[in-house]
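Colleague: pasted the sequence and its predicted model underneath.
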Amino acid sequence: MIGFFIQRVLQALMVIVAMSVIVFLGVYAIGNPIDVMIDPASDQALREALIQRYGLDRPLIEQYFVFMGNLLQGDLGESFIYRLPVLNLILSRFPATLELALTAMMIATCLGIPLGLWAGYKPDSLSAKVIMAVSVLGFSVPTFWVGLLLIMTFAVELGWLPSGGRGPVTEVLGMPLSITTLEGWSYIILPAFNLALFKLGLLIRLTRAGTIEVMSSDYVRFARAQGLSEGKVVGLHVLKNISIPIVTVFGLELGSTLAFAVVTETVFNWPGMGKLIIDSITVLDRPVMVAYLILVVFLFVVINLVVDLIYGQLDPRIRVKAAS
Amino acid sequence: MSSAPVITAPVETRWVRLGNFWSDFKQNPAAVAALIVIVSVVLMAVLAPLVAPQDPYNQETLDLFDARLEPGEVGSGGYVHWLGTDAAGRDVFSAILYGLRTSLIVGVMAGTLALVLGATVGLVAAYYGGRVEAVIMRVIDLQLSLPAILLALVLVAMLGQGLPQLVTALVAAQYAYFARTTHGAASAERRKDYIEAALSTPLPARQVLFRHLLPNALPPLIVVATVQVANSIALEATLSFLGLGLPLTQPSLGSLISNGFQFLLSGRYWISIYPGIALMLTVVAINLVGDQVRHVLNPRRSR
């Protein structure tokens, strides 16, 4: 088990190093940020001074090692535009994205599991077919387009909800949150629902497939023969047996929800990390781009590592296969 | 009653198989409708210069006087703008036809290139096995664990804007799906006798790979390819909407939607909603057809 653990952690470290090289080289290959930062009319001396200040005149490999050295000390550089440490900048935007992603996951769960259960319980009914059609839409229609439709319907035509922004926030344990007030909810509900749609489609499909499989198993037949009510059969036996794969996929999907927030945040003008990265790409704010990408890759690698390790714990066969 | 005609087993030619495929395919009316939508969308895009009332990117035909006309109004050109006009006086219907062209070209190009690259990588992995396979599949798995939108975002940010850059980003973000699918199908085929037999002949490896292994691993690839074309179109539209795809001088449906977004809040819905409907119809139709093809090709399906 320890060997397996060390092997996986080493692999994860290698991936992070490889990605940091790719991201660093890729982002540093584009344009000269000094041209973006300063007034084109300013003189050559100022230009040179700035290039020297940011170390842009040194060889690329040296720049990379300086960057990695600073990174290990928790210093990700300073934004060219905001003139703030990048780490602080990203972390200040993180609560908004996390709140949005978690609310979206909650909406997807609360709607997806009951709908999927129903679609699997009565697979031939009309309602099940409608549910499945909706899940196909959730899968295939681009998120930003659904976001536009939501804004048009609920903000412009009906005027019930604001069209974007975050609205008032209250501090909870040092994190500014929207979901503590009713007005905050009116701002978060549309973007969260928008972000939830893809996961909703996925969850409906997963739950339905699991339910159909479990419904034909012996223990469901015995539970019914025992005289248990249908509600108890489904709520107790079926739900319990389909929950493990659902929880796993769900854990993996948290990372991609954070990534997909890029689109939703842009549509709804939600002040999170995703909005920050899009703005940074358009103004070529390299330190922010590099830091965001490395942080996201790090997050993904950690999530995958944790899932891998838990799997190894649950299923000894994976451990053996990986070790050989 | 006359006796039933004697039925001889039909010879399994390609045409018979194609006929069977079609009779299975048309069982699902929604998929047939979707196929009709795809054919008409492609036709409209190809014939755009003939069908469109206006060349939306020829500045001389544009008149600012016609800006933001509502759907159904008659502009200075003397014809009805059925879907209205945008802020530059462009006929939205014409813009959609030309935008469809760009979106379809990007989607099909990215899908095809990703298919070629991914299938080659997957075949090579399945054919050589051992260490080569382990390394390739590890990289593919890793890439699949990152969302495509993120990879495409990074690449577009690195490569800059433009059609070749965009297609490169889409291919790099999507080839891994093809590689995984091809690898799965090909490693199952690899163990079968006919491949062993082909390998025992002096045929070069390349020939065994592409003449024997590939055709038999093809059906699942076709399904992935249809869905990936839709995904490429959707991904391209998303990138263009975020302002990272194609510039407005070479607009796709995504850039048209993005262009109209600012007017949406003031109630001028048509500038972005109609291109959006075109995008949605195209993407959903391709997905529906792909789903039905998967269903028909599924060997476990009860006949």
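Modeller: That came through fine. Numbering: from 1, shown residues only, chains lettered A, B, ... in the order given.
Colleague: ranges for the strands of the stretch 51-200 of chain A?
Modeller: Along the stretch 51-200 of chain A, counting by DSSP state E, counting those that start in this stretch, strands occupy A:170-172, A:175-177.
Colleague: for chain A, which helix is longest?
Modeller: As assigned by DSSP state H, the longest helix anywhere in chain A is helix A:86-121.
Colleague: off-centre distance for it?
Modeller: 8 Å (C-alpha atoms, centre = their mean, to the nearest Å).
Colleague: ok, stretch B:247-261 next?
Modeller: 19 Å.
Colleague: which parts of it are buried?
Modeller: Within stretch B:247-261, the residues that count as buried by 16 or more other C-beta atoms under 10 Å in any protein chain shown are B:250, B:251, B:252, B:253, B:254, B:255, B:256, B:257, B:258, B:259, B:260, B:261. Yep, even glycine has a C-beta here, placed from its N, CA and C like the rest.
Colleague: and the spatially most central residue of chain B, which of the three is it?
Modeller: For chain B, the residue sitting closest to the mean C-alpha position, by C-alpha atoms, centre = their mean, is residue B:229 at 1.6 Å. Three-state call for residue B:229 (DSSP: H, G, I helix; E, B strand; the rest coil): helix.
Colleague: might you report the residue contacts of the closest residue in space to it that isn't next to it in sequence?
Modeller: Spatial nearest neighbour of residue B:229, chain neighbours left out: residue B:111 (3.9 Å); criterion: C-beta to C-beta, 6 or more residues apart in numbering or on different chains. By C-beta atoms under 8 Å, 6 or more residues apart in numbering or on different chains, the contact list for residue B:111 reads B:174, B:225, B:228, B:229, B:232.
Colleague: shouldn't the fourth one be in contact with residue B:105?
Modeller: No. No contact is recorded between residue B:229 and residue B:105 when judged using C-beta atoms under 8 Å, the distance being 11.1 Å.
Colleague: does residue A:263 touch residue A:143 like I think?
Modeller: Yes. At 5.0 Å, residue A:263 counts as touching residue A:143 under the criterion of C-beta under 8 Å.
Colleague: need the residues touching each of these two.
Modeller: With C-beta under 8 Å, 6+ apart, residue A:263 and residue A:143 have common neighbours residue B:238.
Colleague: and residue A:299, how far from chain B?
Modeller: Using C-beta to the nearest C-beta, to the nearest Å, residue A:299 is found at 10 Å from chain B.
Colleague: doesn't that residue belong to a strand?
Modeller: No. Read with three-state DSSP, residue A:299 is helix and lies in no strand.
Colleague: can you tell me the closest non-neighbouring residue to it?
Modeller: With sequence-adjacent residues excluded and distances taken as C-beta to C-beta, 6+ apart, residue A:299 is closest to residue A:255, at 5.8 Å.
Colleague: what's the offset of the strand or helix carrying that neighbour from the middle of its chain?
Modeller: In the assignment (DSSP states H and E), residue A:255 maps to helix A:239-267. Offset of helix A:239-267 from its chain centre (C-alpha atoms, centre = their mean): 7 Å.
Colleague: pull out the buried positions in the helix or strand that that helix is followed by.
Modeller: Using DSSP H and E, the helix or strand that follows helix A:239-267 in sequence is helix A:273-282. Neighbour-count burial for helix A:273-282, counted by 16+ other C-beta under 10 Å, picks out A:273, A:274, A:275, A:276, A:277, A:278, A:280, A:281.
Colleague: spatially nearest residue to the fifth one (excluding sequence neighbours)?
Modeller: Beyond its immediate neighbours in the sequence, the residue positioned closest to residue A:277 (C-beta to C-beta, 6+ apart) is residue A:292, lying 4.7 Å away.
Colleague: quick one, the host helix or strand of the one you found and helix A:239-267 angle?
Modeller: Using DSSP H and E, the element containing residue A:292 is helix A:286-314. Orientation of helix A:286-314 against helix A:239-267 (axes from the mean of the first three to the mean of the last three C-alpha atoms, to 10 degrees) gives an angle of 180 degrees.
Colleague: packing partners of helix A:286-314?
Modeller: If you count contacts as 3 or more C-beta pairs under 8 Å, 6 or more residues apart in numbering or on different chains; DSSP states H and E, helix A:286-314 packs onto helix A:2-28, helix A:86-121, helix A:239-267, helix A:273-282, helix A:316-323, helix B:148-159.
Colleague: quick check: residue A:300 touching residue B:142?
Modeller: No. With contact defined as C-beta under 8 Å, residue A:300 does not reach residue B:142; the gap is 9.2 Å.
Colleague: who's more crowded, those two?
Modeller: residue A:300 (24 against 17; other C-beta atoms under 10 Å in any protein chain shown).
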